[in-house]
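Peer 1: Please work out how this folds:
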Amino acid sequence: MTLINRQSPPEPLAPISFEIEHPFRSKLANGLEVVIFPNNKLPLVSFRLAFQSGDIHDPADAKGLTSATTSMLTEGTSEYTSAQLAEKIERLGAGLSAHASDDFTTIAASCLSLYSEEILHLVADVVLQPTFPENELDLYRRNTIEHLKFQRSQPPFLASEQSARLIYGEHPYATISPRAEDIQKLERERLAAFHHQRFIASNAMLIAVGDVEPDALMKDLDDLFGDWEQGSAPENVAAPTAERKARTITIVDRPGSAQSNIVIGNLAIKRTDPDYFPMLVMNQVLGAGASSRVFMNLREEKGYTYGAYTRLETKKLAGDFEATAEVRTAVTGDSLREFFLEFDRIRQESVGEVELDDAKRADAGRSQIEQRGRPQATCADRKNSRVLQALLTVHPDVGNDQMAAVAAHLFESELSGGFDQRW
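Peer 2: Reported below is the predicted structural model:
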């Protein structure tokens with residue numbers, strides 16, 4: 001019988017080497033970039049056809065146009081109706097979807113490698129020959145408007161809306177959702193014209209991950225996309241972000257509310273900023289998980305909330321930092337005080353060696369899991385994001401001096417602002 005020592009944790013296993021593979025890169029004559037990550041461990045393949053434009057490129061008079069156009073791509077083509085397309089995808093045991101974010105628009109497809117030619121044909125069909133059927137557009141309008149009504153009944157959404165407006169000012173990132181009236185006025189002709197303008201080869205990149213042979217895939221892509229119009233890529237958004245000169249507080253008062261939704265935010269950095277990794281580690285220490293400082297303070301020590309967190313949101317052109325908690329109304333002021341005490345603490349005091357090492361290990365481990373420990377489709381999404389933004393493939397080491405520098409800038413006492421919504 002073997003006795004187990006439960007007084008101390010077991011020794012860690014030996015480190016496992018981890019290398020991010022180098023992709024195969026090429027380009028079609030019309031400008032379509034192709035990036036391939038061959039991996040034949042499983043008979044699966046995932047494709048991401050991504051465009052360097054997103055919701056922030058909506059025309060000023062047509063908020064929601066990018067998302068509407070993207071969603072409608074899979075609702076009917078010159079070859080298939082919406083139902084026929086769904087049936088075809090189901091018969092292949094595949095997945096095909098389209099989604100727009102702030103910065104990018106992506107058509108995602110995954111299947112057994114046996115059916116890679118068939119799924120690529122469907123991707124080409126929805127991108128090159130969508131018909132935007134009026135009946136499907138009407139259904140999209142009605143469903144989206146109902147969803148927007150629900151959103152506006154949720155305190156966290158309203159808090160996020162106000163926070164984005166205050167942080168980003170006149171920048172398109174300040175708009176996190178269209179209004180019902182924006183969706184109501186969407187017309188088929190406007191979607192078709194927008195599609196012709198934005199869904200072009202020179203604005204696109206195709207990323208393939210999985211059991212593929214690069215030369216054979218390039219031939220298939222040339223057959224399917226070779227005649228795609230090159231077009232002219234849209235110009236970058238040039239609107240400035242808000243310039244914050246003093247700490248502000250915005251309160252949405254609802255008398256009799258049992259809880260307060262606290263959001264403390266500030267403008268941060270874009271994803272390609274050299275300070276990204278120091279800020280990522282600092283965020284891990286401060287509030288990224290259930291063992292972080294603000295969580296342990298406001299929940300475990302004070303009992304003010306079920307959870308308190310911080311979040312670093314980095315985008316292509318800018319980014320923001322937020323600290324959030326839903327607390328009892330009676331301790332709203334005390335909770336704000338503890339948040340700012342933690343901000344001052346990480347700005348003024350060195351982080352202990354063990355705490356810093358744990359934070360770095362958490363971030364590095366999360367990256368490894370995302371690259372190889374999750375389903376292939378998820379790994380494809382991560383590679384898609386890295387390739388689109390030309391991100392670093394290694395995590396540089398982060399020390400206390402670097403963390404202190406980014407914390408000093410982020411938590412300057414006169415700059416970070418708060419938002420309090422009671423509900």
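Peer 1: Going by C-alpha atoms from here, please, whenever you check contacts or count neighbours.
Peer 2: Fine.
Peer 1: Pull out the buried positions in stretch 172-183.
Peer 2: 172-176, 178-180, 182-183 (16 or more other C-alpha atoms under 10 Å).
Peer 1: Hmm, I typed the wrong one, I wanted stretch 123-141.
Peer 2: 123-133, 137, 140-141.
Peer 1: per-residue confidence at residue 34?
Peer 2: Looking at residue 34, its pLDDT stands at 94.
Peer 1: Report the separation between it and residue 122.
Peer 2: 18 Å (C-alpha to C-alpha, to the nearest Å).
Peer 1: do residue 261 as well
Peer 2: 44 Å.
Peer 1: And the residue nearest the centre of the chain?
Peer 2: Centrality entry for the chain: nearest residue to the mean C-alpha point is residue 101, 7.1 Å, by C-alpha atoms, centre = their mean.
Peer 1: For that residue, which non-adjacent residue is spatially closest?
Peer 2: residue 54 (5.5 Å; C-alpha to C-alpha, 6 or more residues apart in numbering).
Peer 1: In contact with that neighbour, which residues?
Peer 2: 66-67, 100-105 (C-alpha atoms under 8 Å, 6 or more residues apart in numbering).
Peer 1: Give me the distance between it and residue 167.
Peer 2: 20 Å.
Peer 1: Kindly report the same for residue 76.
Peer 2: For residue 76 relative to residue 167 (C-alpha to C-alpha), the value is 39 Å.
Peer 1: for the protein, what spans make up the strands?
Peer 2: 24-27, 33-38, 44-51, 95-100, 105-112, 204-210, 249-252, 259-267, 305-314, 319-328, 417-422 (DSSP state E).
Peer 1: hmm, who's touching stretch 285-294?
Peer 2: Residues contacting stretch 285-294 (C-alpha under 8 Å, 6+ apart): 284, 295-296, 307-311, 323, 338-339, 342, 346, 355-356, 359.
Peer 1: picking up where we left off before, could you turn the buried ones of the contacts of residue 54 into a ChimeraX selection?
Peer 2: With 16+ other C-alpha under 10 Å as the criterion, this ChimeraX line picks the buried residues out of these:
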select :66,67,100,102,103,104,105
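Peer 1: Just the closest of the contacts of residue 54 to residue 402, please.
Peer 2: Using C-alpha to C-alpha, residue 103 comes nearest to residue 402 of the contacts of residue 54, at 28.1 Å.
Peer 1: Next up, the contacts around the closest one.
Peer 2: By C-alpha under 8 Å, 6+ apart, the neighbours of residue 103 are 52-56, 315-316.
Peer 1: Recalculate using a threshold of 10 Å.
Peer 2: By C-alpha atoms under 10 Å, 6 or more residues apart in numbering, the contact list for residue 103 reads 51-57, 173, 237, 315-317, 388.
Peer 1: now swap in residue 66 and tell me
Peer 2: If you count contacts by C-alpha under 10 Å, 6+ apart, then residue 66 has 53-59, 99-102, 104-105, 191, 194-195, 198 around it.
Peer 1: What separation do you get for it and residue 209?
Peer 2: Counting by C-alpha to C-alpha, the gap from residue 66 to residue 209 is 26 Å.
Peer 1: Tell me the predicted confidence for residue 233.
Peer 2: Value for residue 233, per-residue pLDDT: 72.
Peer 1: Would you mind confirming that residue 401 is in contact with residue 356?
Peer 2: No - taking contacts as C-alpha atoms under 10 Å, residue 401 lies outside contact range of residue 356: 11.8 Å.
Peer 1: For the nearest residue to residue 127 once chain neighbours are set aside, give me its contacts.
Peer 2: Spatially, and ignoring its direct neighbours in sequence, residue 127 is nearest to residue 73 (6.6 Å; C-alpha to C-alpha, 6+ apart). The neighbours of residue 73, taking C-alpha under 10 Å, 6+ apart as the test, are 82, 97-99, 107, 123, 125-133, 195.
Peer 1: do residue 30 as well
Peer 2: So residue 30 contacts 200-202, 222, 225-231 (C-alpha under 10 Å, 6+ apart).
Peer 1: Tell me which two in these are the farthest apart.
Peer 2: Most distant of those, by C-alpha to C-alpha, are 222 and 231, 16.9 Å apart.
Peer 1: Just the buried residues out of the contacts of residue 30, in ChimeraX syntax.
Peer 2: To isolate the buried ones among the contacts of residue 30 in ChimeraX, judged by 16+ other C-alpha under 10 Å, type:
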select :200,201,202,222,225,226,228,229,230,231
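Peer 1: how about the contacts of residue 30 in TSV, adding distance to residue 149?
Peer 2: Converted to TSV, these look like this (distance: C-alpha to C-alpha, whole Å):
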residue	distance to residue 149
200	34
201	36
202	37
222	44
225	40
226	43
227	42
228	39
229	39
230	39
231	37
